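K.L.:
Got a predicted model here, sequence first, then my questions.
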Amino acid sequence: MPTHLPYLQRPGSLKTALERIRTAATPERVTGDFVSGTLNLKGGTGAALIPYLKKVGFVAADGAPTEIYKTFRNQSRSGVATAAAVKYGYAPLGQVNETFFKLADKDLRDLILQVTGAAADNTAAKLTLLTLKTLMSFADFKAVEADEAEGTAEEGKGQQSRSIQTEFVKLGADTGRGEHVGGVSGRVGLNLAYTINLNLPATTDQAVFNAIFKSLREHLLSPDD
């Protein structure tokens, strides 16, 4: 099954949007009115922005700005937040090459083609590369590496890193994804609940019931499964 990576038909509009997001007040919800009014991105260009921001973790499923969005607006931590968004939104690339963001354009293009299975002249693949490069231009992966090396010793950085991790745990739970993002390990598990209906035999033999529930514990209720 083909892997789809997020992209915009007009990649340059992402640069405009992020620059305006950085200076505009944070809204309660990122809506069409906010995009067309505050960000001044009209028509199809503005309409495509919200789904993209959701895919890269800037906006939650309900339209609320995430911690990534809020941290991005902090000039000193903007690059770290964007790096987290890159790793989250383009996680399939990271599964093949953990440092895909360091690749030269040709190698990154080849990786996109490998992951998506697209043809070399595929328009979506070209737009994916251009959109990703635009997003990465705001990212600071060296700052992420520095945070990891320092163990986020400074309280402000440590708090924001924890907030980003918490945000991606929420996003991962919403989307079923559990990647390592933003230099912070935010792996998410999938928890399932089962309702088991048993038709018990008409017997008074306690050994029968013991055998049934022993089998349930061993085959259905084991925490290691």
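P.N.:
Sure, I can see it.

K.L.:
where along the protein do the helices fall?
P.N.:
Secondary structure of the chain (DSSP state H): helices at 12-23, 32-33, 43-55, 67-72, 78-89, 91-96, 105-116, 123-136, 141-150, 155-175, 206-219.

K.L.:
other SSEs contacting the second one?
P.N.:
What it means is helix 32-33. Contacting helix 32-33 under the criterion 3 or more CB pairs under 8 Å, 6 or more residues apart in numbering; DSSP states H and E are the following elements: helix 43-55. Any C-beta I mention is one placed from the backbone N, CA and C, and that applies to glycine too.

K.L.:
The first one too?
P.N.:
The contact analysis (3+ CB pairs under 8 Å, 6+ apart) places helix 12-23 against helix 43-55, helix 67-72, helix 123-136.

K.L.:
If we use 10 Å, what do you get?
P.N.:
Packed against helix 12-23 by the contact rule (3 or more CB pairs under 10 Å, 6 or more residues apart in numbering; DSSP states H and E) you find helix 43-55, helix 67-72, helix 78-89, helix 123-136.

K.L.:
Quick check: which of these is nearest to Thr16?
P.N.:
Nearest of those to Thr16, taken as CB to CB: helix 43-55 at 9.0 Å.

K.L.:
quick one on the thing from earlier: please identify the deepest-packed of the helices and strands packed on helix 12-23.
P.N.:
helix 78-89 (a mean of 26; mean count of other CB atoms under 10 Å).

K.L.:
Between the helices and strands packed on helix 12-23, which one is closest to Ala143.
P.N.:
Closest to Ala143 of the helices and strands packed on helix 12-23, according to CB to CB: helix 78-89, at 5.1 Å.

K.L.:
Can you give me every residue that contacts the nearest residue to Glu28 once chain neighbours are set aside?
P.N.:
Counting by CB to CB, 6 or more residues apart in numbering, the nearest residue to Glu28 once its immediate chain neighbours are dropped is Ala64, at 7.1 Å. Contact partners of Ala64, counting by CB atoms under 10 Å, 6 or more residues apart in numbering, are Thr26, Pro27, Glu28, Arg29, Val30.

K.L.:
how about the helices and strands packed on helix 12-23 in CSV, adding distance to Leu111 and mean pLDDT?
P.N.:
As requested, those are exported to CSV (distance: least, CB to CB, whole Å; pLDDT from 0 to 100):
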stretch, distance to Leu111, mean pLDDT
helix 43-55, 18, 96
helix 67-72, 23, 94
helix 78-89, 13, 94
helix 123-136, 10, 97
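
K.L.:
Distance to Ile112 added to those, as JSON lines?
P.N.:
Formatted as JSON lines, the entries for these read as follows, by distance: least, CB to CB, whole Å:
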{"stretch": "helix 43-55", "distance to Ile112": "15"}
{"stretch": "helix 67-72", "distance to Ile112": "22"}
{"stretch": "helix 78-89", "distance to Ile112": "13"}
{"stretch": "helix 123-136", "distance to Ile112": "5"}
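
K.L.:
Minimum distance to Thr116: which of these has it?
P.N.:
That would be, of these and by CB to CB, helix 123-136, which comes in at 6.1 Å.

K.L.:
same for the closest one, what does it pack against?
P.N.:
Looks like helix 123-136 contacts helix 12-23, helix 78-89, helix 105-116 (3+ CB pairs under 10 Å, 6+ apart).

K.L.:
So for the first one, mean pLDDT?
P.N.:
Model confidence over helix 12-23, given as mean pLDDT, is 96.

K.L.:
So what touches that helix?
P.N.:
The list of residues contacting helix 12-23 from outside it, by CB under 10 Å, 6+ apart, reads 7-8, 10, 27, 30, 34-35, 38-41, 44-46, 48-50, 52-53, 56, 58, 65, 69, 72-75, 78, 82, 85, 130-135, 137-138.
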